[in-house]
Every structure is written in structure tokens, then in C-alpha cells.
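1. Please work out how this folds:
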Amino acid sequence: MRHAHTQPGTLYSKETSDFLPLFEFSNVVNSSLDLDFILSTVLRTLMGKMLVTRGMVFLKRNGKLFQIITAKGVDHSVIGQTLEIDRPLRSLHAVAKLPKDTAAWIEFLNYHQQSLIIPILSQRRIVGYITLGERLSKPSYSATDKRLIQSLVSLSGAAIEKALIIDQVKEANRNLDRKIQELNTLFDLSKEFNIGLDEKKVVRLVTFALLGQIGVKKYALCLRDHDGLNIIESRIEGSANLKSILPSLCDLEHSATTQDLLKQKTYRIAAAQLIQIGITAVVPMHIQHTTKGMILLGERLRGGMYTRADLEFLYSLGNLAIISIENAHLFKEALEKQRMEDELNIAREIQQGLLPEKLPSIPGFDIAALTIPSKEVGGDYYDIITRQNGDYILAIGDVSGKGTPAALLMANVQAALRALAPHCTSVSETTGQINDLTCANTRSGSKFITFFWGILDAQTHRFRFSNAGHNPPFLLRKDGTIEGLEEGGLILGVFKTTTPYAEASVTLLPGDVLVMYTDGVSEAMNQHNDQFTEEQLEVILKESTHLSAKEIIQRVQQALESHTQGTPQSDDITMLVLKAV
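-> Take a look at the predicted model:
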């Protein structure tokens, strides 16, 4: 009977005690590339010849680690376990004669009643071990038995190593195929991520990848904002508790299972808490080594632990996603910035359109004005209107808020002033009318205006005015005294007029100076957040009354520049100076 051509599936149709001659045994094991078949053939042949009921085969993995590949007559749960065999054995040994120490592998062999250990050698390299239990018929193995055992194992060494290499090539090919599939997935996802730059779409695609590519039961996706890491997508019960756990994981550099994190002192507490709610893997999402998000994963649908390849794929997926999400944020911010810049440009145009193109020449007076808009356009405004009777209207105001809404509201005030003031006989009454119109254009006092205005009689030098909550203008007399023009009432736009605004008048004598300004002057700040103050402005003005109106403004402007020392301007600066000559 010739067994060399017998199919592997029917090779052992006879009892296992049948023994193959050495040359036939060699032909059988060397004609196959199936590692499991070779190992099973070797172990069953040895056990059949020696009448042994227990045996195991260990193959070398990394360093001193050996994994149990097949086992007979012992608990099948041992298959797959690894042992560290710290003493290489290059010849057959009785387990009972091994050194009496506490090595775990020796204890393991004794526990499973293994009495003989035989090294599997190929080209003088140890590729594994075979262990056999006690014989049924004799108390011990004879020298002849040991020689036969060693011969059979030696004949199988090259075949086992060859099969191992084939298995490694197959595994490498499987890994390569998986890597190609993962790269294709990442490539396709990266294209989808960057279409539209939509954060919600990126998050949705990530969850699809977790469900389809990895196959998870539970997951949570967290992203960082100004409040820290926040959960934006979750299929985990009790995810509300994650908010307090996440900060301790922000320094995590690589993907890891929670069991691995449990072994690290830094993450031990957080890992234990994650395990309690069913999290088995943590994947940080990095941009330039900074954690911008995190993927938390529960068990896989098909079971089993997450492999290193799984974690690497997830880390790549997470980083692709967070870069796309960050790009979406930057794109959104750029659009918002452009929108604000467009709005500011519109506001500047409106504001500049409100200001007089040219100051009128008023007989007996020197007049000058200045407005310096800030980067964020405010609602400063001044105006000089010539009435048909030869009187002049002087006005200055400041709207709360910035941008287009403030500029539009000030445009409404200007329109009301220009419509009502030319026919005005009572400054008080007209101020009330302007206030009522302003209230109609604001919502529940959401915006308001400080406003000062008056009518100048160029012949008598009498100036009738009303102050609606504005910074009191300074009236600097030639004799050195100074007055604040405060009479008036509430700011415009908060409440409709129920009590008439007060009206007052002053007469400007030659050498007197009237200085109107907005709070951008008195509240200009330096790098220490110290304001310029009205007191300091008053000192500067007192020292400048001998100058022309334009020179007075220049003197104040120099003092402001000296105070702010290049600190960015936070509000519009507006001044209107009238000097009687």
C-alpha cells in the first residue's frame, strides 16, 4: 500500500496507532504546504507510535515567545496561548529533568502532564517544540523511542519551516490586500470629505466608515471647541459621563485599546471608566500633535479585539476627518470674515456719506472738524447745516454698536435732523421729534444714540442747544473759565418723549472756543487699558485756546497719539471745534 499519493483528508482512515515508515513519513510531510496538516501528521504519528494520549505543538513567534498551534488530549482552550520559553532546548529533554525553577512554561507543561519536550530544528534554528505526555504501555521512554522521536521530528523540521514561510507569505498578502483596501477607502473618503467642506457631512461619512469598514456596535465622536472636547455623535448609553473623562485622554499620542490603557498609570482611571460604559478602543484625532477630537469605539459586530492594523486605519481615518473638519471651520470663518469686511466697507461708505464734504464758512467764526474711523466702523457723526435765514445747525452724535446697523441708524438721525431742523423754532421740541423717530426705527431700545445739537445765530453769536445724553461739549471762555453744555435729556431711541428735552443757550464772545467730541476721544486707551479721560482733554484744551480751531484739533490728536502709543483704535474719534474770532 502506497501512502505517498493518498489524499490528506483520507490519510488517517486507519487507526492512529499505524506507523508510517520514515521515508514515507518524510514524503507525506514534505509534499504538503498546509501547516495544520503537517503539524497534525507529526503529532498524531508520534502519539500513535508511542501510544501517547496527550501532546502539543508550539511554534516560535517573536523572540522567546512560542504559541500553541495544535493539541491533542488536553483542554482545547490552550490552543492559541503563548508561553515564554527562556531556555532554548536544542535536544530532546524529559520535563521532569528540567531545572527545578519557577519558570511559567515548565509549570504549564507539568500541569498538562507533558513528560517529553522535543525541539523542532531547521538549519540549526529552533522553529518550535513538540511535547508528549506519559506513555500508556510503559512508564518511560526508552533510548530507542527517543531516537525514533527525534528522527521523526527532525524529518519534519524543514517541512514545518517551509509551511511557516508559506503561511507568512499568505498572511503578508492578506495584510497587503487589506492595506490596499484601506488606502482605497481612505482615498475615497478624503475626496468626499473635501467636497463642500461641510462638518456634518464629514461626521456622517466617518460614522458610515465605522459601521461598514470596522463594524462597531457602539461609538462616539468628539470634537474640540472653546469649551473642550464635546460629543457630537454618539451611540453609547451613558455618554453624558464622557464629558468628565475625555480631558484626561487629551495627551494620548496613538490609538489604543482600553485594556492597553489600563496598564498605563496616566490613563488607568479613565480607561476603567470607559470599560464600564462599554468602550474598548480610543482613537485620538490630531492636527500637528494637538488633539482636536476623539473617536471612542465599543465592541466589534463580529467580535474579537481591535488589531494594531485596525487601530492604525482608524487613526488615519480620524486624522483625515479632523483635517477636513478644521478646513470646514476655517472656510466658514473666512466667509464670515469676508462678510464682516463687506459689511464694514458698506458702513464706512454710509458713514462717510453722512459727513459734510466741505465745511461752510461762518462769518465771525473759525471752524474745523476731524473724524478718524476705527477698524470696526462705529456710528460717529457730525454735521453742519446752513439754514435759509443765515443760522447754522451744528450737531454731533454717537450710535451704540458698530457696523452697518449703527451706520444706518445714524443715517436715519441725520435724515430726521435735516428734515426738521431747517424749519425749527424750538430746539427742545425738535429734539423730542428726532427721539420719537429714532424710537420707531429701533427695537425695544436695542440701540441708542447720544446726540448734541444746536442752532448758531452768526449775527448775535447766540447758540441754542440741547444735549441728549452726549459727552458735554466744553465751552472755553477767553478769560480761562470753562463750562460744560449738559442741558437736555435722555439719549435718543430708548423711550418715546414724555418729558420735553431741556433747551439752553450761550453767547460766544471773541476768543471763546466750543469743543464738541465723541467718547472715542476721552476713552482712547493705551496698552495698559488706561483711558485718556475728559480731565486730560480739558487740560489740553485750556492750554490751546490761543490756537486756531484746526490747530486745537491737531494738538488734541498729538496728545492722543502720545497716550495710545500705537495701541489699536477701538472706537471712532470725532471732534468739531468752533472758535469765535
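2. Find the residue ranges of the stretch 251-400 of the chain scoring beneath the pLDDT cut-off.
-> Scanning the stretch 251-400 of the chain for pLDDT under 70 picks out the ranges 347-348, 350-351, 375-378.
3. what ranges do the strands span in it?
-> Per DSSP state E, counting those that start in this stretch, the stretch 251-400 of the chain carries strands over the ranges 256-257, 281-287, 290-297, 365-372, 379-386, 392-399.
4. Neighbouring strands - and their directions - for the shortest one?
-> Partner strands and pairing direction for strand 256-257 (DSSP bridges) are strand 281-287 (antiparallel).
5. Compute the inter-axis angle for the strand it pairs with and strand 290-297.
-> Orientation of strand 281-287 against strand 290-297 (axes from the mean of the first three to the mean of the last three CA atoms, to 10 degrees) gives an angle of 150 degrees.
6. What are the buried residues along strand 281-287?
-> Judged by neighbour count (16 or more other CB atoms under 10 Å), strand 281-287 contains these buried residues: 281-286. The way it works is simple: take the backbone N, C-alpha and C, and place the C-beta from them, glycine included.
7. Identify all contacting residues around stretch 202-209.
-> With CB atoms under 8 Å, 6 or more residues apart in numbering as the test, stretch 202-209 has contacts from 185, 189, 192-193, 219, 221, 232-233, 295, 317-318, 321, 324-325, 328.
8. Spatially, which two of those are the most separated?
-> In these, two members sit farther apart than any others by CB to CB. They are Thr185 and Ile232, at 22.0 Å.
9. and the helix or strand that contains His563, C-alpha only, in CSV?
-> When secondary structure is defined by DSSP states H and E, His563 falls within helix 549-564. Extracted in CSV, the C-alpha atoms of helix 549-564 (Å, rounded to 0.1, in the frame of the first residue of the first chain):
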residue,chain,number,x,y,z
ALA,A,549,-9.7,125.6,15.5
LYS,A,550,-7.7,123.4,13.3
GLU,A,551,-4.6,123.7,15.4
ILE,A,552,-6.6,122.9,18.6
ILE,A,553,-7.7,119.6,16.9
GLN,A,554,-4.2,118.9,15.9
ARG,A,555,-3.0,119.5,19.4
VAL,A,556,-5.6,117.0,20.8
GLN,A,557,-4.7,114.5,18.1
GLN,A,558,-1.0,114.7,19.1
ALA,A,559,-1.9,114.1,22.8
LEU,A,560,-4.0,111.1,21.9
GLU,A,561,-1.2,109.6,19.8
SER,A,562,1.3,110.1,22.7
HIS,A,563,-1.2,108.4,25.1
THR,A,564,-2.1,105.4,23.0
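10. Quick one: list the elements packing against that helix.
-> Using 3 or more CB pairs under 8 Å, 6 or more residues apart in numbering; DSSP states H and E as the contact criterion, the neighbours of helix 549-564 among helices and strands are strand 365-372, strand 513-517, helix 534-542, strand 573-580.
11. ranking these by burial, who's on top?
-> For the helices and strands packed on helix 549-564, the stretch with the most neighbours on average is strand 513-517, a mean of 26; neighbours defined as mean count of other CB atoms under 10 Å.
12. what does it rub up against?
-> Applying CB under 8 Å, 6+ apart, the contact partners of strand 513-517 are 382, 394, 396, 452, 463, 471, 473-476, 485, 508, 537, 541, 545, 549, 552, 574-580.
13. Let's see that with 7 Å instead.
-> 396, 452, 471, 473-476, 508, 541, 545, 552, 574-579 (CB atoms under 7 Å, 6 or more residues apart in numbering).
14. So which residues of the chain form helices?
-> Taking DSSP state H as the criterion, the chain carries its helices at 22-30, 35-50, 104-111, 143-193, 199-209, 242-245, 258-261, 268-276, 308-354, 403-420, 427-440, 519-522, 534-542, 549-564.
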